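In: Just the structure for this:
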Amino acid sequence: MKNLNQFKFHIAEKELYYQGEIIVKYSIEYPEIISSPYEHGTEVFNYENRKLALQLKEFIEGELYHQAKETYEYNKVHGYPIMIYELMRECKITYNFQNLISLYCDEYIFTGGAHGNTLRKSQTWNLAIGNQIPLKAFFEGNEYYQLDIIKQINEQIAKQIEEENDIYFPDYCQLALETFRLENYYLTQKGIVIFFQQYDIAPYSSEIMTFLLKNNLKIK
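Out: Got it, this is the predicted structure:
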């Protein structure tokens with residue numbers, strides 16, 4: 001499989017201080033296409049991903065820093081240990097062939113408690129036109145594709161449970177229907193992967209659950 005599009009990853013990282021102590025630290029990774037025959041699509045892709053990274057940086061240095069400062073002052077008054085807020089973003093290219101690019105970025109955030117939480121965000125691009133592709137584009141002629149996807153997911157979960165891999169909430173069927181999001185997908189060489197966020201259909205220990213769809217999809 002020939003990759004026409006070459007990437008590099010940038011990382012913006014920083015430690016933020018308050019009264020001489022670190023209260024926030026972050027590392028934001030984001031992709032950039034450095035070589036591609038699809039000039040317009042490359043320009044749009046790079047612009048959007050720089051913008052997302054900048055928006056996340058502004059959130060951390062604004063709202064998150066303010067929250068961390070309040071927590072610092074509260075902990076100081078009550079004699080609690082100083083806690084450092086963290087946000088780490090890592091990205092992975094899952095599909096890169098001709099005009100199609102697919103990736104996801106995991107954003108881990110810690111603001112106290114027993115552990116942090118991770119939020120996954122994905123993108124699938126058609127660089128030839130410079131647009132992101134909706135999931136329905138891969139199911140042309142199937143107006144019931146969402147129901148078909150949920151059915152496949154529930155069947156895969158049921159099979160895992162039969163194999164004594166019971167890592168889901170008891171009402172996973174209803175939860176899968178309620179928490180399924182059209183934007184939560186990415187491409188791989190094997191096909192389309194649907195993912196659910198932490199706590200959507202399974203406990204935290206199960207992390208982010210993924211399901212490879214069985215269909216006649218031919219990615220070109």
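
In: Kindly format the C-alpha coordinates of stretch 86-100 as CSV.
Out: Included here for stretch 86-100 are C-alpha records, laid out as CSV according to Å, rounded to 0.1, in the frame of the first residue of the first chain:
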residue,chain,number,x,y,z
GLU,A,86,-2.6,17.3,33.5
LEU,A,87,-3.7,17.1,30.0
MET,A,88,-1.9,14.9,27.5
ARG,A,89,-3.0,14.5,23.8
GLU,A,90,-1.6,11.8,21.6
CYS,A,91,-2.6,11.1,18.0
LYS,A,92,-2.4,8.1,15.7
ILE,A,93,-2.8,7.8,12.0
THR,A,94,-4.9,4.6,11.4
TYR,A,95,-5.3,4.8,7.6
ASN,A,96,-3.3,6.6,5.0
PHE,A,97,-3.8,5.7,1.3
GLN,A,98,-4.2,7.9,-1.7
ASN,A,99,-6.8,10.6,-0.9
LEU,A,100,-8.1,9.0,2.4
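
In: Report the rounded mean pLDDT for that stretch.
Out: Mean pLDDT, stretch 86-100: 96.

In: can you check stretch 51-68 too?
Out: Mean predicted lDDT for stretch 51-68 stands at 98.

In: Repeat that for stretch 106-113.
Out: 94.

In: Now I161, what are its backbone angles?
Out: Backbone torsions of I161, given as degrees, to the nearest 10, read phi -70, psi -40.

In: shaky segments in this structure?
Out: For the chain, the stretches with pLDDT under 70 are 1-2, 215-220.

In: Which stretches in it count as strands?
Out: Using DSSP state E, the strands of the chain run over 6-18, 21-35, 85-97, 100-110, 117-126, 131-132, 185-188, 191-196, 209-212.

In: so what secondary structure elements neighbour the shortest one?
Out: Translated: strand 131-132. strand 117-126 (3 or more CB pairs under 8 Å, 6 or more residues apart in numbering; DSSP states H and E). From N, CA and C alone the C-beta is placed, and that goes for glycine too.

In: what's in contact with the strand it packs on?
Out: Residues outside strand 117-126 that contact it (CB atoms under 8 Å, 6 or more residues apart in numbering): 41, 45, 48-49, 95, 99-110, 131-133, 183-187, 195, 197-198, 204, 207-208.

In: Quick check: longest helix in the chain by residues?
Out: helix 39-59 (DSSP state H).

In: by contact count, what packs against that one?
Out: By 3+ CB pairs under 8 Å, 6+ apart, helix 39-59 packs against strand 6-18, strand 21-35, strand 85-97, strand 117-126.

In: any chance of those strands in TSV, plus distance to K69?
Out: Output for those, formatted as TSV (distance: least, CB to CB, whole Å):
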stretch	distance to K69
strand 6-18	5
strand 21-35	6
strand 85-97	10
strand 117-126	21
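
In: Report the buried residues of stretch 190-207.
Out: Buried positions in stretch 190-207, judged by neighbour count with 16 or more other CB atoms under 10 Å: 191-198, 200-202.

In: same thing with stretch 49-69?
Out: 49, 52-53, 56-57, 60, 64-65, 68-69.

In: go on, stretch 77-85?
Out: The neighbour-count check on stretch 77-85 (16+ other CB under 10 Å) flags 83-85 as buried.
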